[in-house]
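J.: The following comprises the amino acid sequence and a computationally predicted model.
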Amino acid sequence: MTTLELDGVTKTFGAPDAGGVVAVDDVSLTVDDGEFLVLLGPSGCGKTTTLRMIGGLETPTEGVISFDGTEVNEVKARNRDVAMVFQNFALYPHMNVSQNLGFGLRRENEDRSSEEIIDRIEAVAEMLEIEGLLDNTPAALSGGQKQRVALGRAIIREPRLFLFDEPLANLDASLRKTMRTEIDELQSEVGITSVYVTHNQEEAMSIGDKIAVMNDGRLQQLGTPSEVFNEPSNQFVAQFVGSPDMNLYEGTLTENGDVYRVNVGITEFDLPSGLVQAGDDVLDVVVGFRPQDLFQSRTRQTGGPKIEADLRVVEPLGTEAILYGETEGRAIRATDTQFHDLDEDQSVTLSIAPEHIYLFDANTEELLKGRLMTEREDTGVGEVEVRDGAGAEVRDG
Ligand SMILES: Nc1ncnc2c1ncn2[C@@H]1O[C@H](COP(=O)(O)OP(=O)(O)O)[C@@H](O)[C@H]1O
Ligand SMILES: [Mg+2]
């Protein structure tokens, strides 16, 4: 039962004017009680340092960290009542699973009866489906089983906070997917406030209630997976979240009566003015098309701009494929389920619905228009969304 708050937290290693590093730069965020927050960003952006400050393994240079409104900056790690799970989960090799699970409890709760501890070990083992392994030593466990024991050791103490630092990075791809679902379910079940670090955007999207996207020590955006994907606060977030990468093209935005004219070289189109929040001067913009939002005109009418592309590579991924093409000398990526009759070197006409187009201010890189999901008043977007829903059914079917 803990609400975690970071207020203006900065961590500098060494002197800033003498080759020092600002690892975390003025980060403020709140994680509500029971919430699962993912810290997402590229390597070196300050995720681990942020987590270590929350856990009490590093002291902030500036700012305040509090648990339930009480500052913990000066509270030592062992007194913060947090449990951490790292990538390199170290189990005690000479102890069996049961002893590994119970070790922390025995050390911290000398007044607990061993019967109570045994009950607790059994309950946690059952939750993690490792009841059958209690007598095994770590050497006899697979990677996934070891990681389950490491999780069990964290849960068994019922800490105020769970802190995870890339806990699945050493596991193979399929086990990673299974384990992340399990961590998600487990966390919902025990309801303990959690912060989970990863550089993997897919993992972040699937596991987080909220995602804090970081770059260069700074918080770029804090939002639900859907907000971060559909309304990224800036170009960095838009590019970092989503796969394959968003297509980005420089262009201009000109107000023209009740529409905005967008010229991106590869295509030119109008957007209803209600869709864009921009000044009325000509503006340098960056236009973004998510590969998933581009459709072949022959299979679906989007009512948006059309782009002629020469295919270079069709990469099947099972039910869909990534189409890599070229348009007016620029690369373009699209995903499509209708690819079985396509040849590399063929031309296709791609199209995108106006409400799915992203626009960024080229100077500030801030978002001007996201991929609108909800009906907005006075734009008539709702009407288009109905057609989009029907199209999505065709696409899935
Ligand atoms: N103990 C340290 N001393 C000096 N620099 C550090 C230390 N820990 C981290 N850094 C630097 O701080 C930055 C952020 O590191 P880190 O928090 O580990 O990033 P991430 O976990 O996102 O990969 C990096 O530039 C890293 O080199
Ligand atoms: Mg790290």
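T.: All right, it came through fine. Ligands and ions are numbered 1, 2, ... in the order given.
J.: what residues are up against the closest residue to ligand 1 within the stretch 51-200 of the chain?
T.: Minimum separation of the stretch 51-200 of the chain from ligand 1 (C-beta to the nearest ligand atom) falls at V197, amounting to 6.4 Å. C-betas here are computed from N, CA, C, even on glycine. Taking C-beta atoms under 8 Å, 6 or more residues apart in numbering, we find V197 in contact with V38, L39, K47, T48, T50, L51, F164, D165, E166.
J.: ok, and the closest non-adjacent residue to the fourth one?
T.: In space, not counting the residues next to it along the chain, T48 is nearest to D165; the distance is 5.7 Å by C-beta to C-beta, 6 or more residues apart in numbering.
J.: Now do the SS call for T2.
T.: coil (DSSP: H, G, I helix; E, B strand; the rest coil).
J.: Thought L163 was touching it, still the case?
T.: No. Because the distance of 11.7 Å does not satisfy C-beta atoms under 8 Å, T2 is recorded as not touching L163.
J.: Who has more neighbours out of the two?
T.: When neighbours are counted by other C-beta atoms under 10 Å, T2 and L163 differ, and L163 comes out ahead with 27 against 18.
J.: That one should be in a strand, yeah?
T.: Yes. For L163, which was evaluated using three-state DSSP, the result is membership in a strand.
J.: which residue packs closest to it, ignoring adjacent ones?
T.: Computed as C-beta to C-beta, 6+ apart, the closest residue to L163 that is not its neighbour in sequence is M84, at 4.5 Å.
J.: Domain map for this protein?
T.: The chain breaks down into these structural domains: 4-239, 244-396 (assignment by automatic domain parsing).
J.: Make a markdown table from those and add mean pLDDT to it.
T.: Shown next, in a markdown table, are the domains of the chain (pLDDT from 0 to 100):
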| stretch | mean pLDDT |
| --- | --- |
| domain 4-239 | 92 |
| domain 244-396 | 82 |
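J.: returning to what we had before: just give the number of residues close to the residue nearest to T48.
T.: When neighbours are counted by other C-beta under 10 Å, D165 comes out with 20.
J.: Tell me what it is bridged to.
T.: F86, V197 (DSSP bridges).
J.: go on, V21?
T.: On DSSP bridges, the residues paired with V21 through beta bridges are F13.
J.: In this structure it contacts A15, no?
T.: No. If you go by C-beta under 8 Å, V21 and A15 don't touch, sitting 10.1 Å apart.
J.: and those two? which has more neighbours close in?
T.: Residue environment comparison for V21 versus A15 gives the larger neighbour count to V21, 14 against 8, counting by other C-beta under 10 Å.
J.: Tell me which residues touch that one, please.
T.: Under the criterion of C-beta under 8 Å, 6+ apart, the neighbours of V21 are T12, F13, G14.
J.: Please repeat the previous calculation with a cut-off of 10 Å.
T.: K11, T12, F13, G14, G44, G46, T49, G217 (C-beta atoms under 10 Å, 6 or more residues apart in numbering).
J.: Among these, which one is most surrounded by other residues?
T.: Among the contacts of V21, G46 has the most neighbours (other C-beta under 10 Å), with 25 neighbours.
J.: For L105, list the residues it contacts.
T.: By C-beta under 10 Å, 6+ apart, the contact list for L105 reads R112, S114, E116, I117, I118, R120, I121, V124, R153, I156, R157, E158.
J.: got the residues of this structure near ligand 1?
T.: With C-beta under 6 Å from any ligand atom as the criterion, the chain meets ligand 1 at residues F13, V21, A23, G41, S43, G44, C45, G46, K47, T48, T49.
J.: For those, which two are the farthest from each other?
T.: Every pair in those was compared (C-beta to C-beta); the two farthest apart turn out to be F13 and G41, at 17.4 Å.
J.: could you pull out the strands for the stretch 201-350 of the chain?
T.: Assigned by DSSP state E, counting those that start in this stretch, the strands in the stretch 201-350 of the chain fall at 210-215, 218-223, 247-256, 259-263, 268-272, 283-289, 295-296, 306-316, 321-327, 330-336, 347-351.
J.: For those strands, give me a markdown table that also has mean neighbour count.
T.: As requested, the strands of the stretch 201-350 of the chain are arranged in a markdown table below (neighbours: other C-beta atoms under 10 Å):
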| stretch | mean neighbour count |
| --- | --- |
| strand 210-215 | 24 |
| strand 218-223 | 20 |
| strand 247-256 | 18 |
| strand 259-263 | 19 |
| strand 268-272 | 16 |
| strand 283-289 | 22 |
| strand 295-296 | 22 |
| strand 306-316 | 16 |
| strand 321-327 | 19 |
| strand 330-336 | 20 |
| strand 347-351 | 18 |
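J.: Buried residues, stretch 161-170. List them.
T.: By 16 or more other C-beta atoms under 10 Å, the buried positions in stretch 161-170 come out as L161, F162, L163, F164, D165, E166, P167, L168.
J.: Which single one of these is nearest to S142?
T.: Taking the buried residues of stretch 161-170 together and measuring to S142 by C-beta to C-beta, the closest member is L168, at 13.7 Å.
J.: Correct me if wrong: that closest one contacts R176.
T.: Yes. Taking C-beta atoms under 10 Å as the definition, L168 is a contact partner of R176 at 4.5 Å.
J.: Common neighbours of these two, please.
T.: Between them, L168 and R176 share the contacting residues G144, Q147, N200, E203, judged by C-beta under 10 Å, 6+ apart.
J.: would you list these in JSON lines and tack on secondary structure and neighbour count?
T.: Conversion of the shared contacts of L168 and R176 to JSON lines gives the following (DSSP: H, G, I helix; E, B strand; the rest coil; neighbours: other C-beta atoms under 10 Å):
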{"residue": "G144", "secondary structure": "helix", "neighbour count": "17"}
{"residue": "Q147", "secondary structure": "helix", "neighbour count": "25"}
{"residue": "N200", "secondary structure": "coil", "neighbour count": "16"}
{"residue": "E203", "secondary structure": "helix", "neighbour count": "20"}
